[in-house]
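K.L.:
Give me coordinates for this.
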Amino acid sequence: MRKKVPEPPSSEITSESLYLRRREFLKSAVLFTGTATGVGGGLQLLSGRPSGTDGGLPSAPGDAPKKKPRGPYDTDEAPTSYDDATTYNNFYEFGLDKGDPAENAHVLKPRPWTVVIDGEVNKPQTVDIDTLQSWFPLEDRVYRMRCVEAWSMVIPWMGFPLAGLLRRVEPTGKAKYVAFTTLKDPKQMPGQRTSVLEWPYVEGLRLDEALNPLTMLAVGLYGRVLPNQNGAPLRLVVPWKYGFKGIKSIVRITLTEQQPPTTWSRSNPREYGFFANVNPEVDHPRWSQATERRIGELRRRPTLPFNGYAEQVASLYSGLDLRRNF
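P.N.:
Below is the predicted model:
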């Protein structure tokens, strides 16, 4: 059993005006050069002050713009506090306890960084993260996030739809699935020196899931560059699935004809299926999934089918037994 971390008081929930402060990120996030010098310069542009003054993360910009209208994919629920979202994490590459990633992930170097997109595509690519990011306008998406461990958050992400990247590389007629791979580097990721999981971490989606408008690749949260412990510089966000599907620190995206193996379903297929859709009617073998503990709240709340996104995604699984294909 993991150590029990006390819940933060509800008073710590970030105000709406704070998480909307994103002006500097949108102006500057694509201006990294992919070199050590460029990282420092990029952080200076993002934060409006010299880098290194705040642990390598840009500060929240000073003046909030007018309230941004709710987007078509946004939840109207109050976001989890930035502190909680960045210190209560599962990222086993940096340790097993929730606070370990925030403590240990500073050793990860998210620049320079390249991503390989290959497999069943007509235009395979090996691309620098900043070039990749410059291909798409960044979007704000406020999503619910439900962990398989029955706790949840609401996180304002910044990124772009995965569909745009996949269409750019032109999937072949054989492409049925998309596989994702995390960096494997035990020097930077001390948790990989253990055998708690088989490394590198891998995940996968069906192609139609990957092309769904909700599916995104995130490069930031709360208007700031994505912290290392949250999966810098690039992570997957699939809000209707349990959080372990949201693979972090991605270095490869491969389109395949066959369903790819995934880390948790390979490690324990009885408890972690390939689909991992949030389903309150299918319990984990060791706990109920009917309710969840929202970080920052005192009482448990009911869990919604597909984490509240059934209207957008339920049709993807028409005819599929969601109990057997969990």
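K.L.:
Return the residues in contact with Gly308.
P.N.:
Applying C-beta atoms under 8 Å, 6 or more residues apart in numbering, one finds that Gly308 lies in contact with 75, 144, 240. Heads up, the C-betas are built off the backbone N, CA and C, glycines and all.
K.L.:
where's the first one relative to Leu322, distance?
P.N.:
Distance, Thr75 to Leu322, using C-beta to C-beta, to the nearest Å: 22 Å.
K.L.:
now swap in Gln229 and tell me
P.N.:
Distance of Gln229 to Leu322, computed by C-beta to C-beta: 32 Å.
K.L.:
These two: which has the busier surroundings?
P.N.:
Neighbours per residue (other C-beta atoms under 10 Å) separate Gln229 from Leu322, with Gln229 holding more: 25 against 16.
K.L.:
my guess is the more buried one is in a strand, correct?
P.N.:
No - checked against DSSP: H, G, I helix; E, B strand; the rest coil, Gln229 lies outside a strand; its state is helix.
K.L.:
Return the alpha-carbon coordinates of stretch 252-265 using CSV.
P.N.:
Provided in CSV are the C-alpha atoms of stretch 252-265 (Å, rounded to 0.1, in the frame of the first residue of the first chain):
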residue,chain,number,x,y,z
ARG,A,252,8.0,7.9,-29.8
ILE,A,253,4.5,7.6,-31.3
THR,A,254,4.1,4.6,-33.5
LEU,A,255,1.0,3.6,-35.6
THR,A,256,0.4,-0.1,-35.7
GLU,A,257,-1.9,-2.7,-37.3
GLN,A,258,-2.0,-4.8,-34.1
GLN,A,259,-3.0,-3.8,-30.6
PRO,A,260,0.2,-2.7,-28.9
PRO,A,261,1.2,-4.1,-25.5
THR,A,262,0.8,-1.6,-22.7
THR,A,263,2.8,-1.4,-19.5
TRP,A,264,0.1,-1.8,-16.8
SER,A,265,-2.0,-4.3,-18.8
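K.L.:
Now Gly159: closest residue in space, sequence neighbours ignored.
P.N.:
Taking C-beta to C-beta, 6 or more residues apart in numbering as the measure, Gly159 lies nearest to Ala218, with 3.8 Å between them; neighbours along the chain are not counted.
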